[in-house]
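**Q** Starting from these lines, generate the structure:
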Amino acid sequence: MRKIPSPEQNEPLDEAGYQHQLLLLKSFHCARPVIHEGLNQFINGLTMNRAGGHIEMTVYLAGKADGIDSAQVQITRTGKSAA
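**A** Take a look at the predicted model:
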């Protein structure tokens, strides 16, 4: 029998990190540029891994072979950058 998660399990442990990762996913899906090292870049891929109850996201940018931590990428919103 499948266990139903408790309400606490439906809430992210890191709300700010969760929101940032959602915005990265939306940027990837909608082909919106993000900012890394001061340059507009496009996301080529995302991976997520469980890490002690938290989710870590690795971002792969177009033209770069190595992934970077999602915290190092800023989201662009209507021409303005935001963390």
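
**Q** Give me the three-state assignment for the residue nearest the centre of the chain.
**A** Closest residue to the average C-alpha location of the chain: residue 21 at 2.7 Å, with CA atoms, centre = their mean. The assignment at residue 21 comes out as helix when based on DSSP: H, G, I helix; E, B strand; the rest coil.

**Q** now do the one 5 residues further on
**A** Under the three-state scheme (three-state DSSP), the conformation of residue 26 reads as helix.

**Q** Repeat that for residue 13.
**A** From three-state DSSP, the assignment for residue 13 is coil.

**Q** That one contacts residue 54, doesn't it?
**A** Yes: in this structure residue 13 lies within contact range of residue 54 using CB atoms under 8 Å: 5.7 Å. Using the backbone N, CA and C atoms, a C-beta is placed for each residue, glycine as well.

**Q** related to what we said a few turns ago, spatially, which residue comes closest to the residue nearest to the centre of the chain, not counting chain neighbours?
**A** Excluding the flanking residues, the one nearest residue 21 by CB to CB, 6 or more residues apart in numbering is residue 57, at 5.0 Å.

**Q** Buried by neighbour count: which residues of the helix or strand in which that neighbour is found qualify?
**A** Under DSSP states H and E, the secondary-structure element containing residue 57 is strand 54-61. Judged by neighbour count using 16 or more other CB atoms under 10 Å, the buried positions of strand 54-61 are 57, 59-61.

**Q** from the residues you listed, which is closest to residue 37?
**A** Proximity of those to residue 37 (CB to CB) peaks at residue 61, which lies at 9.7 Å.

**Q** sorry, back to before: can you list the buried residues of strand 54-61 in a markdown table and add pLDDT and distance to residue 68?
**A** Formatted as a markdown table, those follow (pLDDT from 0 to 100; distance: CB to CB, whole Å):
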| residue | pLDDT | distance to residue 68 |
| --- | --- | --- |
| 57 | 95 | 10 |
| 59 | 98 | 5 |
| 60 | 98 | 8 |
| 61 | 97 | 7 |
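
**Q** Confirm that residue 18 sits in a helix.
**A** Yes: under the criterion used here (three-state DSSP), residue 18 sits inside a helix.
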